[in-house]
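>>> got a predicted structure here, sequence first:
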Amino acid sequence: MLKLLYFFMSDISEIFVRFSELALKSPYVRHHMEKQLSLNIRLFLEKREIPNFHIEISRSWGRIILTQKIAEHKLLSFKEVDSVAQDIAYNVFGLTSVSPVIRVETNIDLIKKKVLEFAKKNLKKNSTFAVRVKRFGKHDFTSKDLEVLLGGEIYDKYSEQLNLKVDLTQPDYLIMIEVKDNFTFVYDQKYIGFGGLPQGTQGLLVSILRGSLADAIAAFLMCKRGVITIPIIFSYSDEKNNISNKKELKKQLEYFALVQPKQKPIFFEVNFTKILEKIGLDRIKCSTCDRVCLGIIERIIEGQNKKGVTLGNSDTTLLDWNPEMKLPNENIPIYYPLIALDQQTVKHPFHDDFKNSFCLDSCPGYINQQNKEIKPLTDNEISELVASADYNLITTGEF
């Protein structure tokens, strides 16, 4: 039935989703993770209001294929499919790359026609090009035969007009072809994803967000390892000095609400303004802030089945204290994924409009941490602050 459907849908834009790490798992675990990744893609498309794709897992091929539902919706153009492919690559964890593809029947003339269409549209003057072919199944030609044939067709048709040259190592333009039994897929884009494991395969944890990029990147890195996180934000506003972290927290929350495979995002908001007023900005240190935040976290997740807590850090401030390894009264680990990493070189999505707000940039705790004359808060003082903290569960997704 599926092959018959493909016959009538020939030469239609589709999407390839590739993965790597989960392919190394045992057959049972891999099957579970592939289903979770497919579900995550479907939920993401629903959030983007793009429901018209059938999702198929091709295990023997190591692909997830998104095929448009022609009977139910108007078909998207190749340009629109290309935009969807980019969106998936940059916002779904567990995949390595995504490509918008055109599928044709495995017929040399049809493949040649489609490849020449790609070349005509995208080749530029004075550029180099190459053709790469992968084959799956039995055919009366080899991958090399098809590369030579198609590369020759492009060169003969456009080399004189565009002054083209062949470069098999680092071409300016690369056309990629994958032949799978009776169908062939042609594409020239490969959008790189963040890799890792599909969210929802490694349990649930909570993430501290205080307006710093370090906290957001720490949460992101753990999501990349397959966990689903519940953000716990520590909001701060100082109208007198025009300081607030709410704008940056809102952007971070919007990101996690989009990428996480949950229909309705939830998070906790802690009123950190009152906490800092009680401590005093002249006494606050990064290590004190961590202890207070972790104490409040313990109150929030008491008795719940959470796998851990994520916490960001500054690579310089950590030189001045030993990080907490687990919550005081619970056997729950605290993850500092940036401890051994340089957040400037980690591949993450928090660029452009994202920045540090209050935490690290405006908070004097960053400087106070190095001042040995400022005495740290006692355990009793920390306990009193934690007990007095106000927090709320937010289920509307609005902040």
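Sure, I can see it.

>>> so F185, which state does it fall into?
strand (DSSP: H, G, I helix; E, B strand; the rest coil).

>>> just give me the neighbour total for the closest residue to it other than its chain neighbours.
Distance criterion Cβ to Cβ, 6 or more residues apart in numbering; nearest residue to F185, sequence neighbours excluded, is V101 at 4.3 Å. To be clear about C-beta, it is placed using only N, CA and C from the backbone, and glycine gets the same treatment. Using other Cβ atoms under 10 Å, V101 has 26 other residues around it.

>>> hang on, V101 in a strand?
Yes - the assignment for V101 is a strand, going by three-state DSSP.

>>> test for you: state the pLDDT assigned to it.
pLDDT, V101: 96.

>>> got it, and the one 5 residues further on?
At T106, the pLDDT value in this model is 93.

>>> dihedrals phi and psi, it?
phi -80, psi 80 (degrees, to the nearest 10).

>>> now it: how far from G62?
19 Å (Cβ to Cβ, to the nearest Å).

>>> between these two, who's got more neighbours?
T106 (18 against 15).

>>> once you drop chain neighbours, what's closest to the more buried one?
T184 (4.8 Å).

>>> pretty sure the one you found contacts I102?
No - counting by Cβ atoms under 8 Å, T184 sits too far from I102 to count as a contact (9.1 Å).

>>> the more surrounded of the two?
Taking neighbours as other Cβ under 10 Å, T184 and I102 compare with T184 leading, 25 against 20.

>>> so what's the more buried one bridging to?
Beta-bridge pairing for T184 (DSSP bridges): V104, V179.

>>> how about the contacts made by the residue nearest to A389 when sequence neighbours are not counted?
Distances taken as Cβ to Cβ, 6+ apart put I296 closest to A389, at 4.8 Å, once the chain neighbours are dropped. If you count contacts by Cβ atoms under 8 Å, 6 or more residues apart in numbering, I296 has them with 232, 270, 386, 389, 391.

>>> is it true that I296 lies in a helix?
Yes - membership of I296 in a helix is supported by three-state DSSP.

>>> could you measure from it over to L385?
8 Å.

>>> I'd like the next helix or strand past the one helix or strand in the chain whose mean pLDDT sits lowest.
Scoring the helices and strands of the chain by mean pLDDT, DSSP states H and E places helix 2-8 at the bottom, with a mean of 39. Using DSSP states H and E, the helix or strand that follows helix 2-8 in sequence is strand 12-18.

>>> and the following helix or strand past that next one, how far out from the chain middle?
As assigned by DSSP H and E, the chain's next helix or strand after strand 12-18 is helix 27-47. Relative to the centre of its chain, helix 27-47 is centred 14 Å away, using Cα atoms, centre = their mean, to the nearest Å.

>>> mind listing what's buried along helix 27-47?
30, 32-34, 36-38, 40-41, 43-45, 47 (16 or more other Cβ atoms under 10 Å).

>>> show me where the stretch 101-250 of the chain has its helices.
Taking DSSP state H, counting those that start in this stretch, the helices of the stretch 101-250 of the chain run over residues 108-122, 143-162, 213-224, 246-259.

>>> the ones you listed: which one's closest to E330?
E330 lies closest to helix 213-224 among the helices of the stretch 101-250 of the chain, at 17.7 Å (Cβ to Cβ).

>>> specify the angle between the closest one and helix 246-259 in degrees.
10 degrees (axes from the mean of the first three to the mean of the last three Cα atoms, to 10 degrees).

>>> could you list every helix and strand in contact with helix 213-224?
strand 204-209, strand 228-235, helix 246-259, strand 309-310 (3 or more Cβ pairs under 8 Å, 6 or more residues apart in numbering; DSSP states H and E).

>>> next, the angle strand 228-235 makes with the longest one.
Read it as helix 246-259. For helix 246-259 against strand 228-235, the angle by the same axes, to 10 degrees is 170 degrees.

>>> give the buried residues for helix 246-259.
Those would be 246, 248-249, 252-253, 255-257, 259, for helix 246-259 by 16+ other Cβ under 10 Å.

>>> try stretch 341-354
Neighbour-count burial for stretch 341-354 flags 343, 348, 350, 354 (criterion: 16+ other Cβ under 10 Å).

>>> close enough to count as contact, L37 and I55?
No - between L37 and I55 there is no contact under Cβ under 8 Å: 9.5 Å.

>>> shared neighbours, these two?
Common neighbours of L37 and I55 (Cβ under 8 Å, 6+ apart) are I64.

>>> who's the nearest residue to S143 once chain neighbours are set aside bridged to?
Excluding its sequence neighbours, the residue lying closest to S143 (Cβ to Cβ, 6+ apart) is V133, at 4.2 Å. Following DSSP bridges, V133 is listed with bridge partners I177.

>>> V133 touches I175, doesn't it?
No - using Cβ under 8 Å, V133 and I175 do not qualify as a contacting pair, with a distance of 9.3 Å.

>>> list residues touching both of these two?
Joint contacts of V133 and I175 (Cβ under 8 Å, 6+ apart) are L150.

>>> show me where pLDDT drops low in the protein?
1-11, 60, 71-73, 314-317, 397-399 (pLDDT under 70).
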